[in-house]
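Trainee: please work out how this folds:
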Amino acid sequence: MLHKFLPDEQVDSIFEISPEQLKQQGIRGIITDLDNTLVAWNEKAPSKVVFNWFQLMKEHGMKVTILSNNDKKRVTSFSEPLHIPFIYRARKPLSRAFHQAQKQMGLNRKEIAVVGDQLLTDILGGNLAGYHTILVIPIAKSDGFLTRINRQIERRIMRLMKKRGMISWEE
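Mentor: Now for the predicted structure:
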């Protein structure tokens, strides 16, 4: 059961994810979370470095879709300046929105990486749907109410995985 929460990779931030490395793995598309993955959950707009990361991905032919459990207003206001497709109220970890993003990209499962900061939504959802998963460290130390509950559960899962030798990084 724990393996469903185990990401294929773990990095500090999205900026450690390069299009060249993804292409070497056969990955041509990214489904990324928004809050605490791309920017802090309470930031309204993409920063210049986030904008540049998206530009780099586009220049290398990577297809990117933002997949968020947040509402339409939040996700639209962030995504539109980037000219990036998005899906809001995704209900992660359920697979439906992941498959919707895959269909929009026109790629197969093996060609897509799911990037996110939460085991219970992004990683579990990506793993259940059959994608390559990459866990990033949350940008902000604070979270919304529901995410704080998820983080408590995640800490327990990570301690178990660490105890069983499944992970080597710190919480």
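
Trainee: rest of the way, CA atoms for contacts and neighbours
Mentor: Fine.

Trainee: mind listing what's buried along the helix or strand bottoming out on mean pLDDT in the chain?
Mentor: Taking mean pLDDT, DSSP states H and E as the measure, the helix or strand of the chain with the lowest value is helix 145-163, at a mean of 83. For helix 145-163, a neighbour-count test (16 or more other CA atoms under 10 Å) marks Glu154, Ile157, Met158, Met161 as buried.

Trainee: redo these as a markdown table? Include distance to Ala97.
Mentor: Below are the buried residues of helix 145-163 laid out as a markdown table (distance: CA to CA, whole Å):
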| residue | distance to Ala97 |
| --- | --- |
| Glu154 | 22 |
| Ile157 | 24 |
| Met158 | 26 |
| Met161 | 27 |
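
Trainee: and the least confident helix or strand of the chain, C-alpha only, in PDB?
Mentor: The C-alpha coordinates for helix 145-163 follow below in PDB (Å, rounded to 0.1, in the frame of the first residue of the first chain):
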ATOM      1  CA  PHE A 145      -6.900  24.300   6.300                       C
ATOM      2  CA  LEU A 146      -7.400  21.000   4.400                       C
ATOM      3  CA  THR A 147      -3.800  20.800   3.200                       C
ATOM      4  CA  ARG A 148      -2.600  21.100   6.900                       C
ATOM      5  CA  ILE A 149      -4.600  18.000   7.600                       C
ATOM      6  CA  ASN A 150      -3.100  16.200   4.600                       C
ATOM      7  CA  ARG A 151       0.400  17.200   5.700                       C
ATOM      8  CA  GLN A 152      -0.100  15.500   9.100                       C
ATOM      9  CA  ILE A 153      -1.100  12.300   7.300                       C
ATOM     10  CA  GLU A 154       1.800  12.700   4.900                       C
ATOM     11  CA  ARG A 155       4.400  13.000   7.700                       C
ATOM     12  CA  ARG A 156       3.200   9.700   9.100                       C
ATOM     13  CA  ILE A 157       3.400   8.000   5.700                       C
ATOM     14  CA  MET A 158       6.900   9.500   5.100                       C
ATOM     15  CA  ARG A 159       8.100   8.200   8.500                       C
ATOM     16  CA  LEU A 160       6.800   4.700   7.700                       C
ATOM     17  CA  MET A 161       8.500   4.800   4.200                       C
ATOM     18  CA  LYS A 162      11.700   6.000   5.800                       C
ATOM     19  CA  LYS A 163      11.600   3.300   8.500                       C
END
